[in-house]
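J.: predicted model, plus sequence, below.
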Amino acid sequence: TDQSQGAGGAVRGGVGAGSGVAGRTVDEQHLASLELEVRFLRGKNRQLRARTVMQRFMHVQAQQKSAAAIKEQDELRLRCDELEEALEDRSHTISLLQAECGKLRLGAAASASRAGGGPGPGEVPQ
């Protein structure tokens, strides 16, 4: 093989021969190869940064949704507790009113039987 010395003392046609880059020294080819690799790695870094930013955004968004769901769940539990308390209060009021109605019915029946001709116990006055 014919190998001649280039200007920088690098060999032409030796290492890197057949790479399709005519007239370049091995150092120039190596430099061009390294520059290509640097551009490739910078592109990969941009992709990784973009992916990292997107994953961070999605993580924050998921945390916000989770926090909102927890807050809504807590509010619903509080509302349920308030409604159950109101229901218990109303049930107690209904029981008191039913007891009062029962006393009034008994009192009305007793006074009607004393007066004569009125409805007896357990009968509804008209």
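T.: That came through, no problem. Predicted model only: the values in this text are computed from it and were never measured.
J.: all helices for this protein, in order.
T.: 26-115 (DSSP state H).
J.: for it, give me the ranges with low pLDDT.
T.: 1-23, 116-126 (pLDDT under 70).
J.: ok, 90 please
T.: Scanning the chain for pLDDT under 90 picks out the ranges 1-26, 107-126.
J.: centroid residue for it?
T.: The chain has Lys65 as the residue nearest its centroid, 3.1 Å off, counting by CA atoms, centre = their mean.
J.: how near is it to Leu76?
T.: 16 Å (CB to CB, to the nearest Å). No exception for glycine: its C-beta is placed from N, CA and C like everyone else's.
J.: what's the local residue count around Arg24?
T.: 16 (other CB atoms under 10 Å).
J.: brain fart, Thr25
T.: Thr25 has 19 neighbouring residues, counting by other CB under 10 Å.
J.: make residue 1 into 15 and carry on from there
T.: Shifting the count to begin at 15 puts that one at Thr39.
J.: that one and Ala46, how far apart?
T.: Distance from Thr39 to Ala46, counting by CB to CB: 10 Å.
J.: what does Ala64 give?
T.: 27 Å.
J.: mind checking which of the two has more residues around it?
T.: Neighbours per residue, other CB under 10 Å: of Ala64 and Ala46, the larger number sits with Ala46, 14 against 10.
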